[in-house]
Each structure stands twice: as structure tokens, then as C-alpha cells.
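In: Give me the fold of what follows.
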Amino acid sequence: MKNRSALITGVTGQDGAHLAEILLEKGYEVHGVKRRTSTISTTRIDHLYREPQDEGSRFSLHYGDVTDSSNMIDLIRRIQPDEIYNLAAQSHVQVSFQTPVYSTQVNALGALNILEATRVLDLQNNIRFYQASSSEMFGASTPPQNEDTPFKPRSPYAVAKLYAYWMTINYREAYDMFAVNGILFNHEGPTRGETFVTRKITRAVARIFLGMQDCLYLGNLEALRDWGYARDYAEGMWLMLQQDTPRDYVLATGEAHTVREFVNVAFEEIGIRLNWEGIGEEELGIDARSGKCLVQIDPRYFRPTDVDSLIGDPARASAELGWRHQTGFKEMVRMMIETDIDLAQRERANGLSGP
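Out: Sure, this is the predicted structure:
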């Protein structure tokens, strides 16, 4: 009997790597898509080549780009997967203000290219499609946010994601496709990209702990986010495509923490309690024991428009999918700190002491 197969765009990212692992564990044949780059960018999935898989399952990597419609048609025609998970994105909100056209081409038109490829190949009845939507689409809407909350996007990233969200719904309704949106709130972990604020914090704290860095520079400390563990959320993606009827779901913890809280918990993991002094751009995070300044505000990290509060309501996912986050906030931060201390130690041993 042929194993079920899945095509994952953005497989080299945090979510793609977790999802590939989960699907291989479930006996899938997994096809990952990555863009051709001049530098190696497969660190998160290298182990999938080395570890033996269950009999009949395998992992394959294909070069591709969701902005290339002919490439998507060719890949889907050749692979003819049972499931497609579109995780490819320009995923950094701040960067989307600097590259709004590119962010839209990838995040909006990329999803359309996959949906349309599925349709023109007449595979709309054979393939189940998952679109990685984002809590950023809610933007300025009042929390807690669920599937019925109005969208008020506050960045080019969020606007592009909203286009893909509605296009997914339109293809579902127009062509009877099994196409769903997973509206995921912030999800983090040790493999999170280093430009994202949570990983930026844990990387800096680890290096401060080892004497490799003096200070952490941040923007808005009061931003309130619903942070969960990425692997828990990847399991939710799979569950959405196993239902009898396609429907959109919010995945979230239902808990919110400020950036300041994240910083406090991260420093507590290395035995440092911070005192906060000053206000606004002059605020400082001071080591309560030594009096040393460890955190400063840098206005360069403020966004042109910011989202004050994102808190998800995962009630539908809990009731219909049986999904709940398994990893608590402090446990997740601890995992990230431990991983980044190990990484920093290896960097120091290899003579890489720069920030």
C-alpha cells in the first residue's frame, strides 16, 4: 500500500522542519521545497537525511519557488501529493515594511500559485491544502482573537497573508477544494530564526551568561504576544487536514506575555534578576546584583505601525481537533536558553566570538 505523501514549501524553516519530522514519524513520504541559494540553508533538516526512516517512508528535497507558477505546476504534477502545506513566506514583519513588494509576491501570490496549479492540473479533488495564515492579520482588533474576529492588518506582511487567507477560502468555495487556513499565533523554539525577537533575546542572554556579549538591544517592550512552542503547532497543522470537512482554525495558548516578561524569564534562567529604570527610549534593564546595564532600548527596532496585543482563543481547535498546546511558556524559554548556551559555547570554541 502506498504511503500518504505531503509536499511542504518552506521546509527549511522552523515550522517546515518540525512538520517534516512529524509526518515522517506518521509514515508519510515527504517532499520538501526550498529556494536555490548560494549558501547552505538546510541546517534544520539535515538530520532527516541521516536518520533511517520507517520502511517505505522517505524524505526528498526539491528546488523551487512559490513565486514561480510554472515551477509549482511542474512540482505538483510530478509529485501529486495527498497534502500540500504552504509554509513558504517572507516571515519577518519588520522586514515587510522594507520589502513590501517582495513580501507580497511570496506571501500572497505564492499561495495563489499553488492553489491555481492544483486546479489547472485537475487535482483539486485529490489534494488537501494547508495555508499558513498568521495572527498578525488581526492587527488592531481587540483580543482575545478567534476565527470570527475582524481582521485589521497593520503591516505589509499581514496584508499579504490576508490575501492568501481569502484566496484559500475562495478556492475552497469555488472549486470544492479541501483547503484550510491555520491562523497561528506566535510560536517559538530553539530553531526559531535569530532575527525574531524571542530568539534574539535568548541568543543574547546566553552570550551575556558566557561573557561573550555585554548588552541586549530591543524595541517595544510592552508588545503583548501569545507565545507557544512551534512543534505543538505543527501537529495542529496536520490535524486540520485530517478532518471530514475543511475549516479554518486558530492555534494559540490563550495566554499572553509582554516582551519585557520574556526578557525577565530568560535572564532568570541564568540566575539574573533585572530591575527596570527610566521610561520610554531611556529605559534600562539593570542586573539587580551587579548594577550592570544589560538591556537597552534602540529606536531602530520600532516598527512604523505596531500591534499592541495578540491573544488567541483556541476553543474551536480544542473542541473539533482535540488540539491543545503541550509546552508551557517558561519551559519553552528554558529550552531556548539551554540550546543557545550550547550554541554559544561551540561558537566560542571555534573562535566565533562576535555578536
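In: What distance do you get for the residue nearest to residue 9 when sequence neighbours are not counted to residue 312?
Out: Distances taken as Cβ to Cβ, 6 or more residues apart in numbering put residue 88 closest to residue 9, at 3.8 Å, once the chain neighbours are dropped. C-beta coordinates here come from the backbone N, C-alpha and C atoms, glycine included. Distance of residue 88 to residue 312, given as Cβ to Cβ, to the nearest Å: 23 Å.
In: Same check on residue 281?
Out: With distances taken as Cβ to Cβ, residue 281 is found 30 Å from residue 312.
In: Looking at the two now, which is surrounded by more residues?
Out: Using other Cβ atoms under 10 Å, the more surrounded residue of residue 281 and residue 312 is residue 312, with 27 against 11.
In: Without its sequence neighbours, what residue ends up closest to that one?
Out: Per Cβ to Cβ, 6+ apart, closest to residue 312 is residue 252, 2.3 Å.
In: next one: residue 194
Out: Excluding the flanking residues, the one nearest residue 194 by Cβ to Cβ, 6+ apart is residue 203, at 5.8 Å.
In: Please apply the same query to residue 68.
Out: Residue 68's closest residue in space is residue 113 (Cβ to Cβ, 6+ apart), at 7.5 Å.
In: after the helix or strand of the chain with the lowest mean pLDDT comes which helix or strand?
Out: When each helix and strand of the chain is scored by mean pLDDT, DSSP states H and E, helix 46-50 comes last, with a mean of 74. Sequence order places strand 59-63 as the next helix or strand after helix 46-50, per DSSP states H and E.
In: Just give the strands next to that following strand in its sheet, each with its orientation.
Out: Strand 59-63 has its sheet partners listed here by DSSP bridges as strand 29-34 (parallel).
In: what residues does the strand it pairs with touch?
Out: Contact with strand 29-34 is made by 3-12, 16, 20, 23-24, 41-42, 45, 48, 56-64, 66, 75, 79, 81, 88, as judged by Cβ atoms under 8 Å, 6 or more residues apart in numbering.
In: same thing with stretch 329-342?
Out: Contacts for stretch 329-342 (Cβ under 8 Å, 6+ apart): 188-190, 192, 198-199, 202-203, 205-207, 209-210, 227-229, 253, 255, 257, 262, 265-266, 269-270, 327.
In: Mind doing that once more with 7 Å?
Out: 188-190, 198-199, 202-203, 205-206, 209-210, 227, 229, 255, 257, 262, 265-266, 269-270 (Cβ atoms under 7 Å, 6 or more residues apart in numbering).
In: Looking at the residues you listed, which are in helices?
Out: 198, 199, 202, 203, 205, 206, 209, 262, 265, 266 (DSSP state H).
In: Which residues are in contact with the second one?
Out: Looking back up the chat, that one is residue 199. 192, 193, 336.
In: can you redo the residues you listed as JSON lines with neighbour count and pLDDT?
Out: Converted to JSON lines, the contacts of residue 199 look like this (neighbours: other Cβ atoms under 10 Å; pLDDT from 0 to 100):
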{"residue": "192", "neighbour count": "22", "pLDDT": "92"}
{"residue": "193", "neighbour count": "14", "pLDDT": "88"}
{"residue": "336", "neighbour count": "26", "pLDDT": "97"}
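In: can you put these in a markdown table and add secondary structure?
Out: A markdown table is the format used below for the contacts of residue 199 (DSSP: H, G, I helix; E, B strand; the rest coil):
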| residue | secondary structure |
| --- | --- |
| 192 | coil |
| 193 | coil |
| 336 | helix |
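In: any chance of those residues in a markdown table, with distance to residue 134 too?
Out: Output for these, formatted as a markdown table (distance: Cβ to Cβ, whole Å):
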| residue | distance to residue 134 |
| --- | --- |
| 192 | 15 |
| 193 | 15 |
| 336 | 21 |
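In: Which positions within stretch 145-157 qualify as buried?
Out: Judged by neighbour count using 16 or more other Cβ atoms under 10 Å, the buried positions of stretch 145-157 are 145, 146, 149, 151, 153, 154, 155, 156, 157.
In: Max pairwise distance over those: which two?
Out: Using Cβ to Cβ, the two most remote members of those are 146 and 156, lying 24.3 Å apart.
In: got a list of contacts for the helix or strand containing residue 183?
Out: Secondary structure from DSSP H and E places residue 183 in strand 178-184. Residues outside strand 178-184 that contact it (Cβ under 7 Å, 6+ apart): 115, 128-135, 137, 165, 168, 171-172, 233, 236-237, 240-241, 246-251.
In: Which of these are buried, as a PyMOL select command?
Out: Of the contacts of strand 178-184, the buried ones can be selected in PyMOL as follows, counting by 16+ other Cβ under 10 Å:
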select buried, resi 115+128+129+130+131+132+133+134+135+137+165+168+171+172+233+236+237+240+241+246+248+249+250+251
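In: I'd like to know how far residue 122 sits from residue 252.
Out: 36 Å.
In: out of the two, which sits in the busier spot?
Out: For residue 122 versus residue 252, neighbours defined as other Cβ under 10 Å are more numerous around residue 252 (29 against 8).
In: quick one: contacts for that one?
Out: 185, 226, 228, 312, 313, 314.
In: Would you mind checking the residues you listed for buried ones?
Out: Neighbour counting by 16+ other Cβ under 10 Å classes 185, 226, 228, 312, 313, 314 among the contacts of residue 252 as buried.
In: who does the third one bridge with?
Out: On DSSP bridges, the residues paired with residue 228 through beta bridges are residue 187.
In: List the contacts of it.
Out: Applying Cβ under 7 Å, 6+ apart to residue 228 gives the contacts 185, 187, 252, 253, 325.
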